[in-house]
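Q: Task: produce atomic coordinates for the following.
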Amino acid sequence: MTSTVLRTRRAVLVAACASTLLGHAVAEPREDVKGIVDMAIRPVMDKYGVPGMAVGVAVAGRSYVFDYGVASLETRAPVTHDTLFELGSISKTFTATLASYAQVRHRLKLSDKTSKYLPLLRGSKFGDVSLLDLGTHTPGGMPLQLPDSVKGQAELMKYLEDWRPAYAPGTYRTYANPSIGMLGLIAARSMHQDFVALMERRLFPALGMSHSYIDVPRARRANYAQGYTSDNAPIRMGKAVLSAPAYGVKSTAGDMIRFVSANMNLIKLDQSLQNALADTHTGYFRLGEMTQDLIWEQYSYPVALKTLLAGNSSAVIFNATPVSRLTPPQAPRDDVLINKTGSTNGFGAYVAFVPEKKLGIVILANKSYPIDDRVTIAHQILTKLEAQGAGK
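A: A predicted model of the protein is given here:
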């Protein structure tokens, strides 16, 4: 491929980056918003001994970030707007965005079979799986994690060649890191670049996310929060096959609330990128009251807390769940709550937003506390913000 072609492709997202700089900076804290967030966050930190948290909220087109506690129990360095947290599976939403952008730019189609991009897998069961199946957890029953024996590309291809589905594609949802990991690998291959390079040099800058990384650079390592296990042992994630697209992003609350705002169409972006974000909100499958989008999960709004808790429960995460295909797919809607959880061994995160209300929240913590509590405090904060008209 010529350098001219590469420069042209890079320019598309660089132009998008320039347009993101037009506004939507984090605003000075408002006492009414801060009071609502404080009331929800501090009791959970005390209950689970969470060392540090950062919360971003979007209210009526303005963003606020609130910092709590320490980034490290050893150094006692406080959490600041520059503190980086592991996002866990919220990273998958960026992988979905990249795949969606590749489709908008006619580099791939979600209806394509994986074998189109992985010739070695032609004739295999995995080769017949569609990219959409990968992005909606419906390829037919993949495990949550790859086997420990998969150490590199050769072992990965052999594992996929030997893989046999437990269900027909598109009939059961089985939440899995390998499926979205392969979608990321294929999206990058369709754009003829390395996945990490595409994310760090093109997608993050195009979104105006200047403090988000997969590989934290040396100059920013002092800002990387120390994660902690339930026993307060220090831990950070290590690298593994497909970890980057599945759970590898580190970011700040400020960058993440910007991403949320972009998903609510509140930031001016290059139109191709904005279309790609919107397309990730297309609904493809139903399970109970949850609609499965491209990685994102959505619910009709208003939504009861018990409904959110059920959709984010361990039963839905760890068990195979029958789904109903939406034919045609459900077009992106504003009258919904869209959410995603994320966890690593030492970090816990949650994102939720309601486009119609211009309300969004990001909760990042350097300890992995229960998902039920994350969902509950987010629901509490969003409900109170809406009820008190804090965005007016």
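Q: quick one: the helices in the chain?
A: Using DSSP state H, the helices of the chain run over 3-20, 31-48, 91-104, 131-135, 153-162, 177-190, 195-198, 204-206, 243-247, 253-263, 271-279, 305-311, 314-318, 371-387.
Q: what's the least confident stretch among those helices?
A: Of all the helices of the chain, the minimum mean pLDDT falls on helix 3-20 (a mean of 37).
Q: who touches the residue nearest the centre of the chain in this structure?
A: Centroid-nearest residue in the chain: residue 90, 2.6 Å away (criterion: C-alpha atoms, centre = their mean). By C-beta atoms under 8 Å, 6 or more residues apart in numbering, residue 90 lies in contact with 249, 256, 340-342, 349-351. In this view, the C-beta of every residue, glycine as well, is placed from N, C-alpha and C.
Q: try residue 203
A: 13, 94, 97-98, 101 are the contacts of residue 203 under C-beta under 8 Å, 6+ apart.
Q: and if you look at residue 65?
A: By C-beta under 8 Å, 6+ apart, the neighbours of residue 65 are 26, 54-56, 81, 253-254, 257.
Q: could the residues you listed go into TSV alongside distance to residue 170 and neighbour count?
A: Formatted as TSV, the contacts of residue 65 follow (distance: C-beta to C-beta, whole Å; neighbours: other C-beta atoms under 10 Å):
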residue	distance to residue 170	neighbour count
26	41	17
54	38	31
55	37	25
56	35	27
81	43	16
253	36	30
254	38	23
257	34	25
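Q: what residues are up against the residue nearest to residue 55 when sequence neighbours are not counted?
A: Distances taken as C-beta to C-beta, 6 or more residues apart in numbering place residue 66 nearest to residue 55, at 4.8 Å, with adjacent residues excluded. If you count contacts by C-beta under 8 Å, 6+ apart, residue 66 has them with 29, 34, 37-38, 41, 54-57, 253.
Q: Distance check, residue 66 against residue 232.
A: 23 Å (C-beta to C-beta, to the nearest Å).
Q: Same question for residue 239.
A: 24 Å.
Q: between those two, who's got more neighbours?
A: residue 232 (12 against 9; other C-beta atoms under 10 Å).
Q: Please tell me I have it right and that one contacts residue 72.
A: No - using C-beta atoms under 8 Å, residue 232 is not in contact with residue 72; the gap is 11.7 Å.
Q: ok so, going back, would you convert the contacts of residue 66 into JSON lines that also reports distance to residue 141?
A: As requested, the contacts of residue 66 are exported to JSON lines (distance: C-beta to C-beta, whole Å):
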{"residue": "29", "distance to residue 141": "47"}
{"residue": "34", "distance to residue 141": "45"}
{"residue": "37", "distance to residue 141": "40"}
{"residue": "38", "distance to residue 141": "43"}
{"residue": "41", "distance to residue 141": "38"}
{"residue": "54", "distance to residue 141": "36"}
{"residue": "55", "distance to residue 141": "36"}
{"residue": "56", "distance to residue 141": "36"}
{"residue": "57", "distance to residue 141": "38"}
{"residue": "253", "distance to residue 141": "35"}
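Q: Number of residues surrounding the closest residue to residue 251 other than its chain neighbours?
A: Once flanking residues are discounted, residue 251 sits nearest to residue 212: 4.1 Å by C-beta to C-beta, 6+ apart. Residues lying near residue 212 (other C-beta under 10 Å) number 26.
Q: Report the contact partners of residue 69.
A: With the criterion set at C-beta under 8 Å, 6+ apart, residue 69 makes contact with 45, 50-53, 78-79.
Q: quick one: which of those has the most company?
A: residue 53 (28 neighbours).
Q: So what touches stretch 110-127?
A: 99, 103, 108, 128-132, 134-135, 139-140, 157, 160-161, 163-165, 182, 186, 189-190, 294.
Q: again, only this time at 7 Å
A: 103, 128-132, 135, 157, 160-161, 163-165, 182, 186, 189-190 (C-beta atoms under 7 Å, 6 or more residues apart in numbering).
Q: dump the residue contacts of residue 322.
A: Contacts of residue 322 by C-beta under 7 Å, 6+ apart are 171-172.
Q: Identify the bridge partners of it.
A: residue 172 (DSSP bridges).
Q: and if you look at residue 234?
A: residue 228.
Q: count of residues packed around it?
A: 13.
Q: Pretty sure it sits against residue 226.
A: Yes - Residue 234 is in contact with residue 226 according to C-beta atoms under 7 Å; the separation is 5.2 Å.
Q: Let me see the contact set for residue 134.
A: 179-180, 182-183.
Q: run the last query once more with 8 Å
A: With C-beta under 8 Å, 6+ apart, residue 134 has these contacts: 114, 179-180, 182-183, 186.
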